[in-house]
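1. this one's structure only:
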């Protein structure tokens, strides 16, 4: 088997066999196939696509390139949750303790945030002391003891995926739906969960800007999971405006804590219950998603979810007193305010623009390894559809970088669109793949 | 300017500017842009193509990446000739001394052969002592003194082209007509000729198997030459059957000598006169190609072409006595014969199959730097359209590799197709681009 022959085969629109895909991934991972041949192959894939069979084979090959976590000794089905990335998406912080509180083990492996979309690990690590840098052994122990642990992806897990993603990032080959699906799913497969909830976001603040693309990605990932004998549900959710009011690491932790206390923004609460309902149904813990939602709603009211969150924070080294007194979380030295220049109805809060403003403030990374500011971010005051008067406070901007707040006011203002007529906000849940129960 | 942005620009079907193409070639040549980014760009070009303007810009950038030979001090227009590659193509050996004999300086820069198509340098270097490894200074001196020199391409000339071709060769991006044209033309431009005759071959034994592709390549190359202020004619010629009877280095030298003595196969003689006529007309030495042909035909008869060939061989270190006594040229230790298994008319001699057989015998290289056998090759006895009786000798196979001759007999036999009805051989000259005089 020769890499050149496989490049031309794909270039000419033919399918690669499972053996050929295994060969490519193994030899690339071991350095036998050089970056330049893989780059040419990736661009050929960009133009010619991958079939479902090829995509599943690539996922399996990437998953097998490193350590595979095995929870079979638990004797229980373990669930993982993945979001395709959005702005203000603190769902994992609320959802995973809720599901764990229901007795279902949650083993969440997560990467660090890159670009306008925030990362769960960065949010949690804004809690002083908290660390997601767990060994696999510790991760498994915590899942076994607490039903919950969140681990940052290590280099032992899917190393070929890491190498391939880094290459895609510099060769213009990120934006292929099969490669995106294989990349996400290989990590989920290697992470050892038997059931996977996929939250595929669509809209301005997501990677899949069109609804069709989002459903397409959801379908491909569901098919891969089925091919790998994993239970799976994909929920396509809205990311046209930011989720909740808070965007930025410690700001989002505070909002997540509010939801876990039975307060917080209704949209965040709703999406957590919907996704959680599917997670419980998927593992067989409840008979159907509605039953799951009802149970999880009780855990918001009675504090069982918050208790589970506290247990996780303590187990992973975080200072629990921050949960009672959020003023102990990182605070920004500077802030600025954005006011409405006209009255009317809020028609749009462009999530992409808000995400990019937050990025400029220091909430995330524009390159791998960049230092972030855990206190930075944006606190919105309204949601789409709200009535606004001229001069109302639209948002507060936070940062520890002097001058950063004022420099982004104009950009943030541009994210808001105010008009005469009221518009209905987009539905939060666009659909479920496969239709549940499948 | 960032390489990644230019990759995605081309990937998305947009045109690159002259400045962008210069940036890419310069930074790639200096090692700033890595192979993997250039590989991705090449594959994007494979799918999205290059416009005429982009192709000319790429040619210029590649040509400017190293030394540029300057013949302006000669005070005369210098002509170069290029063949897109064929089987049994010894035209350069005859044509260049003929044109030089007419007083037109010929400066031929040539690469070594790779694959089924032979290389002019390898043919000439089968003459004991002959060397095409000239310095630029010596090359210019010989052109100035003798009107003729043939130099193997050095690393100083178009280094970026060499680097890019090596990358294309291992990334499945050779077969793009704009990249092929830019690669060829950059070397011609850097070689310093003011007039260029392009022999674009079409048919089984060429790289452009379809007539349309060949005319397309001819047109692109003519447009590039025009953009670079070079005089140019492209002649599309037939390569369905091998040219002449001899395929292999010293075998072809012998056949070329026969033509220069006024003998030899009519097809070889005809193509040399036609191409030579254009070369003389292109430089203004004659008023039109027909006049050029008549003059060159006289140089075949009166031995002026042979005399010029002798002068070049001596000037470049070759043993002139080989020209009088071709038995001094390398001789093969082994031979085998292929006979007609049936009678009838010769309908086809598949040039590609003959070329591949010759390659197996050792006439050329399957990889760069491979040792070749100067005496190896195939001597055909017939041309398409000839009447054959069962048992007639179709071809003799020569090699210095024991067992090689017998192992290819069957393959060579498969190159011949014999049928009941006589077929007309394809026209040797398919067309001229631009219609001459332009």
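-> All right, it came through fine. Since we're looking at a predicted model, the values are computed, not measured. Residues are numbered from 1 along each chain as shown, chains lettered A, B, ... in the order given.
2. For the most centrally placed residue in chain A, which residues are in contact?
-> Centroid-nearest residue in chain A, with Cα atoms, centre = their mean: residue A:83, separated by 3.1 Å. Applying Cβ atoms under 8 Å, 6 or more residues apart in numbering or on different chains to residue A:83 gives the contacts A:89, A:91, A:92, A:199, A:201. Glycine gets a C-beta too; all of them are placed from N, C-alpha and C.
3. taking those one by one, which sit in strands?
-> Judged by DSSP state E, these include A:199, A:201 as members of strands.
4. Name the residues of chain A found near chain B, please.
-> Within chain A, the positions adjacent to chain B are A:4, A:7-8, A:11, A:34-40, A:42-44, A:46-47, A:167, A:170-173 by Cβ under 8 Å from any Cβ of the partner chain.
5. could you redo the last one with a cut-off of 10 Å?
-> A:2-12, A:34-48, A:167-175 (Cβ under 10 Å from any Cβ of the partner chain).
6. So how do I select the buried members of those residues in PyMOL?
-> The PyMOL selection below is limited to those of the residues of chain A next to chain B classed as buried (16 or more other Cβ atoms under 10 Å in any protein chain shown):
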select buried, chain A and resi 3+6+7+8+9+10+11+34+35+36+37+38+39+40+41+42+43+44+45+46+47+48+167+168+170+171+172+173+174
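7. Now go through the residues of chain A next to chain B and say which are in helices.
-> A:3-11, A:35-48, A:167-171 (DSSP state H).
8. How about the helix or strand containing residue A:21, which residues are buried there?
-> Using DSSP states H and E, residue A:21 falls within helix A:18-29. By neighbour count on 16+ other Cβ under 10 Å, the buried set for helix A:18-29 is A:20, A:21, A:22, A:23, A:24, A:25, A:27, A:28, A:29.
9. Tell me the pLDDT of residue A:206.
-> Among the per-residue scores, residue A:206 holds a pLDDT of 90.
10. can you pull the contacts of it?
-> When contacts are counted by Cβ atoms under 10 Å, 6 or more residues apart in numbering or on different chains, residue A:206 is found next to A:83-87, A:89, A:116-117, A:200, A:213-214, A:236-240, A:351-352, A:355.
11. now with 7 Å?
-> By Cβ atoms under 7 Å, 6 or more residues apart in numbering or on different chains, the contact set of residue A:206 is A:84, A:85, A:86, A:239.
12. Would you double-check that it falls in a helix?
-> No: checked against DSSP: H, G, I helix; E, B strand; the rest coil, residue A:206 lies outside a helix; its state is coil.
13. Can you give me the distance of it to residue A:355?
-> 10 Å (Cβ to Cβ, to the nearest Å).
14. Can you report how many residues neighbour residue A:203?
-> 22 (other Cβ atoms under 10 Å in any protein chain shown).
15. quick one on the thing from earlier: among the buried residues of helix A:18-29, which one sits closest to chain B?
-> Proximity of the buried residues of helix A:18-29 to chain B (Cβ to the nearest Cβ) peaks at residue A:28, which lies at 11.5 Å.
16. With adjacent residues omitted, what lies nearest to the closest one?
-> residue A:38 (5.2 Å; Cβ to Cβ, 6 or more residues apart in numbering or on different chains).
17. and what of residue A:60?
-> In space, residue A:60 is closest to residue A:228, 6.7 Å off (Cβ to Cβ, 6+ apart).
18. and the one you found, how far is that from residue B:242?
-> 55 Å.
19. before we move on, what about residue A:72?
-> Noted for residue A:72: a distance of 67 Å to residue B:242, by Cβ to Cβ.
20. Between the two, tell me which one has more neighbours.
-> Taking other Cβ under 10 Å, residue A:72 and residue B:242 do not tie; residue B:242 has more neighbours (27 against 10).
21. Verify the stated contact: the more buried one with residue B:351.
-> Yes: with contacts counted by Cβ atoms under 7 Å, residue B:242 reaches residue B:351, the gap being 4.9 Å.
22. Are there residues contacting both of these two? Which ones?
-> Counting by Cβ under 7 Å, 6+ apart, the residues touching both residue B:242 and residue B:351 are B:87, B:205.
23. picking up where we left off before, could you give the angle of the helix holding residue A:21 to helix A:3-11?
-> 120 degrees (axes from the mean of the first three to the mean of the last three Cα atoms, to 10 degrees).
24. what residues does helix A:18-29 touch?
-> Residues contacting helix A:18-29 (Cβ under 7 Å, 6+ apart): A:1, A:3, A:6, A:33, A:38, A:54, A:57-58, A:61-62, A:65, A:159-160, A:163.
25. repeat that for 8 Å
-> A:1, A:3, A:6, A:9, A:16, A:33, A:38, A:41, A:53-54, A:57-58, A:61-62, A:65, A:159-160, A:163-164.
26. List the contacts of the residue nearest to residue A:60.
-> Residue A:228 makes contact with A:56, A:59, A:60, A:63, A:185, A:189 under the criterion Cβ under 8 Å, 6+ apart.
27. ok, those vs residue A:107, which is closest?
-> Relative to residue A:107, the closest of these is residue A:189; by Cβ to Cβ it sits at 12.5 Å.
28. Would you verify that the closest one is located in a strand?
-> No: counting by three-state DSSP, residue A:189 is not found in a strand; it is helix.
29. tell me, how many neighbours does it end up with?
-> 25.
30. Looking at the contacts of residue A:206, state which has the most neighbours.
-> residue A:239 leads these on contacts (other Cβ under 10 Å) with 32 neighbours.
31. Can you give me the pLDDT of that one?
-> 96.
32. cool, and residue A:368?
-> 74.
33. okay, now it: neighbour count?
-> Count around residue A:368 with other Cβ under 10 Å applied: 9.
34. Okay, it and residue B:256: tell me how far apart.
-> The spacing between residue A:368 and residue B:256, counted by Cβ to Cβ, is 61 Å.
35. Okay, buried residues for stretch A:418-434 please.
-> Of all the residues in stretch A:418-434, those buried under the rule 16+ other Cβ under 10 Å are A:418, A:425, A:426, A:428, A:430, A:431, A:432, A:433.
36. next one: it to chain centre, how far?
-> 20 Å (Cα atoms, centre = their mean, to the nearest Å).
37. end to end, how far does it reach?
-> 37 Å (Cα to Cα, to the nearest Å).
38. separation between residue A:375 and residue A:77?
-> In terms of Cβ to Cβ, residue A:375 sits 38 Å off from residue A:77.
39. When those two are compared, which one has more neighbours?
-> residue A:375 (23 against 18).
40. helix, strand or coil for that one?
-> Going by three-state DSSP: residue A:375 is coil.
41. Tell me which residues touch it, please.
-> A:126, A:248-251, A:329-333, A:398-400 are the contacts of residue A:375 under Cβ under 8 Å, 6+ apart.
42. Recalculate using a threshold of 10 Å.
-> Counting by Cβ under 10 Å, 6+ apart, residue A:375 touches A:126, A:248-251, A:329-335, A:361-363, A:398-400.
43. What of residue A:138?
-> Here residue A:138 is in contact with A:149, A:151, A:315, A:316 (criterion: Cβ under 10 Å, 6+ apart).
44. Do you know the pLDDT at the third one?
-> Predicted confidence (pLDDT) at residue A:315: the value is 98.
45. For residue A:100, see how far away it is.
-> Counting by Cβ to Cβ, the gap from residue A:315 to residue A:100 is 11 Å.
46. who touches both of these two?
-> Joint contacts of residue A:315 and residue A:100 (Cβ under 10 Å, 6+ apart) are A:146, A:148, A:149.
47. Compare residue A:315 and residue A:100 (neighbour count), which wins?
-> residue A:100 (26 against 17).
48. Just give the number of residues close to whatever residue of the stretch 301-438 of chain A ends up closest to chain B.
-> Closest to chain B within the stretch 301-438 of chain A is residue A:367: 12.4 Å, counting by Cβ to the nearest Cβ. Neighbour count of residue A:367, defined by other Cβ under 10 Å: 8.
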